[in-house]
Every structure is written in C-alpha cells, then in structure tokens.
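Visitor: My questions concern the predicted model and sequence given below.
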Amino acid sequence: MANPVTAAAKATPEPVAQKIRGLSDRTIAWIFVAPTIFLLLAVNIFPLIWTIRLSFTNYRVNRPNNDVEWVGLRNYERILNDPDIWSTMQATAHFLIWTIVLQVLIGFTLAYLINKKFKGNDLWTTIIVFPMMLSPAVVGNFWTFLYQPQIGLFNYVVAFFTGADPSSFSMIGDVNLAPWAIVIADTWMWTPFVMLICLAGLRSIPDSIYEAAECDRASKWRQFWTITIPMALPFLMLAVLFRGIENFKMFDLVVQLTGGGPGNITTLTSIDLKREAFEKWRTGYSSAYAVILFVTVFGLAAIYVKALNKVKER
Amino acid sequence: MAEVVLNNVTRRYGDVTALDNVSMTIPDGAFVVLLGPTGAGKTTTLRMVSGLEAPDQGEVFIGGQSMNGLTPAQRNVAMVFQQYSLYPHLTVRENLAFPMKSPLLKTPADIIEKKVKDVAEILQIAHKLDNKATALSGGEMQRVSIGRALVRDPSVYLMDEPLSSLDAKLRSDLRIELKSIQANSGATLLYVTHDQIEAMTMATHVGVLDEGKLVQFGSPREIYEDPVSVYAASRLGQPRINILPADLFGHAPTGAKSIGLRPEQIEQGSGADSIVSRVEHLGDQTRLHLNFRNHDIITVTDAHTELKAGDIVAIQPKNPFFFDASGARQR
C-alpha cells in the first residue's frame, strides 16, 4: 500500500536521503537557523564590535593610507568634556521629553474620545492616522511652509488667537522657538501612532468590566482611574518606549525642518554624530560617540522594559 | 428588597427581537429562575432590569417605582456577570470591597473588612483574599464575582449563570448556600441558568423563555407537573420528557399530535411490550432505554433492577400530557 508520507520521502533522491538520515534533529535545526545567524552576525554584531574597536583609534575613513594610532580612551574623554556635545544632549533631552509628554497626553485623549461609540469613528481614525503615513522628509518640508512668517498657516493661526503680528516671529529662525518648532512638528506626525496603541489598549478592556463597575455604583471618574488607566497603562508605557527609542535617533524630520539650526540649537545627537562621522570624517572619534549613545539608549531601555514588565504583571 | 415588575417589555437588536412583550411580576423575596436555551432572552431580561440597557417598549418597576431612564447605580441592583468581570489589577479583597467603597455609601473600614471576610468564608475563597484577580482559576473568579454582589444590600440581585464554571461538588455546595442566603435575607433574586437542577432546587418561581417570549411563569412544581407546551415540559425533568406520536399507545384525543411521558407517567409491568436497549446504573437510580414500536423511550426504574439489554418490559401511559400540532398542551 502506498502511504502518501512514504511516497513523498521516496521522492527525495537516494544519495541526498542517505545523507539526511544520518543527521540528528539538532543538526538539522542548526542548518535551518544558520543563515539567519550568519546575517545577524554580519550586519549587526560585527559592525558593533568593529565600531567599538575603532572608537579607541584615530582612524579616518577618508584617509585610509594614514597610519592608525591606538589612542586608548582619549576619544571618550574628549567627547565627555565637550560642552558642545552636552548641549546637543540637552537639545535631544528637551525634544524627547516634550514629544513624549505631548504625544501621550494628546494621543491618549484622542484614543479615549474615538473609543466612544459614535457614528463615523472609523472614518475619524483614518483621518487622524494620516500624518504618520507621510514621509518624514515630506512632513519636514510641509512644516517649513506652515512656519513661514509671511505666508505660513501656523503663524497665521497663532496670530489669529493672540492678536500678534504673524510676521513678527519665526518658529524656525528664533533660537527660543526652534526647539518647540521641531517638537510641534513631530507631535503632529506621531501622535496618531500613540493614539493607535492607546486605542488598542482601551479596546482590550471588556465592556462588561465597566458594566460591573456601573452596577457597583462607581462614578465615571472612579471607573476612569480604577479601570481605564490601570488596564491601559502597559499600552501607554509601550507607546512611550517606542516613541522614546524612535526620537532618540530622530534625524530626517529635523534636518529637513531646521537643519539643526539656528546655530546648533536643534542639532540633536544623531545629527551631530552624522556630521562628525560623514562630514568631518572623524571615524574613530564618532565611533566613540556612537558607542556612548548606544550604551545610553540600551541602558535606559533595559531599565524601562523591566518597569514595563512589572506593570504588566500586576 | 423589593418587588420587580416587567410590563410589556420589548427589546430588539437590529432585526432580532430579543424580548417580545414580556410581562412578569417578581414578588418581593422571590427567587426567580429564568430558563431557556441560548438566545431565549434570559440575559436580555437581566439587562433590562439592571438598567445597563433600556427597553424599546414597556417599562420596568422596582419597588413600585418606574425605573425609566435610571442608571444601574440609581436602581441599586447587584449583578453577577457570566464573564465574571472582575477588576483584574485588584486583589480578591479589593474586588470584594469595591462596591462598598462607593462614595454614596460611606461604609466604615471595619465593616467592609468584616463583610469581605464573611462572604469569602461562605464562598470558600478566604485563603485567596490577597491574590490578584487574574491569578485565579475560572471557578474562583466566578465565586469572587458572586461575592462582589453578596457584600451588598441591593434592591434586587441579578445573576447570570453564576455557577456555570464551578465543579460539581462546589456547585451543589453553593446552590445550597445561595438559597439559604436568599431565604434568610429575604432578598429578591433573578437568576439565569441552563441547569434545571438549579431551577428545581432553588427557585420559588421559574420563568420559561422561548425566543424572547415568556411562555410560562410559575413554581418549579407547577411547570413540571402542568406544563403549557412541549417546550416548557422539555425544560424540566431528568431524564427529559419523552415526546412521541400521540397514537403510539392507541387512541388519542382529537387534535392531539404528540404525547408527552415523564418517567413517572410510564407504568411498567402492564400494557404493550417494549424491548430494553440499554440499562444505565447511575447509583441512586437506573435509567432504562426502551424501544417501543421503533420509538426510543427513556425512563427510570428500580436502582437494583435485574433487567438487561434485550429483555422485554410491558409499558403503558399513566395520566400523560397531550400536545396539539403547535406544541401547545391539550387539556
């Protein structure tokens, strides 16, 4: 009797079949995983190790024929003592904190409102989600027009509500306003993303829990604080994590919008790093810079994920 | 505690009529069980009384007052949900205390603590008080959910299949416990179940629902002994009532289409012969599967019966029910 399984096995050419038969399950598993492991090593782990190695040298990639000197920790010392780098760190922190605060507050509020059952909430979700589907470069360009003092819509709206002259201030040109210009543009673009995550969180809360609370005579206020917030909290924290990591490496939108200026006021670390590495070609120095950033993000994210898991367990 | 009245209540979900002009009076202190298969409108009835949903037509009265437009909180109803609906990030203790912590009540902390303990004791979950609600088994969650209703002193308790996910032993313990709590406190209780044993043992009244219509309302005995239709007769009794062609045993009243025979309506030892096809010893009773003129009949017999498959037993009906073509009882 021809069993379909044995028939299929017979289809394997006999020499190949003989070879395969000799292998243990574990070996076969390794054979399947090997290409992935090789790719990971080649494009992730090797460059990382190579960067760490370069960070202890004065190597310059545009002068491949120069002698490479081993400089020890000198690159690190110079970076940590450089006030300019600390000011880019500050700019990054300002950008990170404010984008996260605004996006979580507005995103959660939008999600809360959209989650109410009303007609056309699907349509509204689609409309609200639109900005994050655009390319960051396009958004940057778009906002340079909006911020344009003479014809920009943003200046016009602010002027409309405050009575100030629209051409009396420039969001991009003013040292005090530029850091907020990038915060506003990023918030406009990415709040929908936070909203979607919050919406997933809110939708995961079963109606019947609210109904039980309704019968237990809990006010809407109490329901919000004892059901909605604790149950949506893991999702909120996840949104913060995503936005935090994403904005720590913010580049395209800000480059397009302000180019890091005026002066260096909106030069975030990733923009600064790119200049050091690929405009000034200080490869060793910028490698050390990259390692410092990597350790910072990795450390912060690790602490944060631990906290997130604790919240999830509750 | 209070009397609950439903007055011509109708509720539709789109094209489906979940409740069709239902009227019933749940007397103060009654234990009313709603019976019916899935989709009969049992849960919808609870939701109408609770105020979680409003009827499309008709009115609900609690304690003589119209509940039109009142919220569950204003109606002061306690509800046990089929899905448990515990507050997952709170402990069992906090879940049980939750309803008493309503600002409307201002219950002192020591009274809350005592009530939580008492209820946990009754429901056999005292050892789990400090567990998170999510770290419980289904049966434990269900008990916490019952407890959350029992800590309160509402005008009416509403329970949606509260014992469905408990094991058999706990289920029979809690059946007795719930019944005695209700009897002692004089609470009005509206209870939804599939389980006819729960209906028979706990109910003072049973309401039989069929596709949104209340087909019979009365004491469990009344419905068992005097059903209005095949449908109502099939709700109660184990083994189920045998429904057979009306003339299977000879002459039948005119218009009768089927005859209904509960085990006690089948006299064994006289009449026409039937063949035993199966004997099930259940311990306290023995079920007899018979084949009578190519129709299967299930009845009970003496627990120590000597009968076995293939034996011949003579049977004849005794005070049977007759039903007409629509399924209604003929009297």
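Guide: Right, received. Where do you want to start?
Visitor: domains for chain A, by residue range?
Guide: In the domain annotation for chain A, the residue ranges read A:14-54, A:74-313 (automatic domain parsing).
Visitor: Need the distance between the two termini of the last one.
Guide: Distance across domain A:74-313, first residue to last, is 44 Å (CA to CA, to the nearest Å).
Visitor: of all the domains of chain A, which lies closest to chain B?
Guide: Nearest of these to chain B, taken as CB to the nearest CB: domain A:74-313 at 3.9 Å. Every residue, glycine included, has its C-beta placed from N, CA and C.
Visitor: now that closest one, how far from the centre of its chain.
Guide: For domain A:74-313, the separation from the chain centroid amounts to 9 Å (computed by CA atoms, centre = their mean, to the nearest Å).
Visitor: picking that back up, winner for burial among the domains of chain A?
Guide: domain A:74-313 (a mean of 17; mean count of other CB atoms under 10 Å in any protein chain shown).
Visitor: Over that one, what's the mean pLDDT, rounded is fine.
Guide: On average, the pLDDT along domain A:74-313 is 90.
Visitor: so what's the residue nearest to the spatial centre of chain A up against?
Guide: For chain A, A:E246 is the residue whose C-alpha lies nearest the centre (CA atoms, centre = their mean; 1.2 Å). Shown in contact with A:E246 (CB atoms under 8 Å, 6 or more residues apart in numbering or on different chains): A:W190.
Visitor: what about it, is that helix, strand or coil?
Guide: At A:E246 the chain is in helix, as set by DSSP: H, G, I helix; E, B strand; the rest coil.
Visitor: Same check on A:F298?
Guide: helix.
Visitor: next one: A:K117
Guide: Strictly by three-state DSSP, A:K117 counts as coil.
Visitor: Roughly how far does it sit from A:R203?
Guide: Distance of A:K117 to A:R203, given as CB to CB, to the nearest Å: 11 Å.
Visitor: Can you give the distance of stretch B:260-271 from its chain's centre?
Guide: For stretch B:260-271, the distance to the chain centre is 27 Å (CA atoms, centre = their mean).
Visitor: ok, now stretch A:61-72?
Guide: 33 Å.
Visitor: Equivalent analysis for stretch B:186-201, please.
Guide: 4 Å.
Visitor: Any chance of JSON lines for the domains of chain A, columns distance to B:Q142?
Guide: Output for those, formatted as JSON lines (distance: least, CB to CB, whole Å):
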{"stretch": "domain A:14-54", "distance to B:Q142": "43"}
{"stretch": "domain A:74-313", "distance to B:Q142": "13"}
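Visitor: got the residues of chain B near chain A?
Guide: Contact residues (CB under 8 Å from any CB of the partner chain) of chain B with chain A: B:50, B:52, B:71-73, B:76-79, B:81, B:83, B:85-90, B:98-99, B:102-105, B:132, B:145, B:148, B:152.
Visitor: at 6 Å instead, please
Guide: By the rule CB under 6 Å from any CB of the partner chain, the part of chain B lying against chain A is B:L52, B:P72, B:A73, B:M79, B:F81, B:Q83, B:S85, B:H89, B:F98, B:P99, B:S102, B:L104.
Visitor: Can you tell me the SS state at the residue lying closest to the fifth one once chain neighbours are set aside?
Guide: The shortest distance from B:F81 to any residue that is not its chain neighbour, by CB to CB, 6 or more residues apart in numbering or on different chains, is 5.2 Å, and that residue is A:S208. The three-state assignment at A:S208 reads helix, by three-state DSSP.
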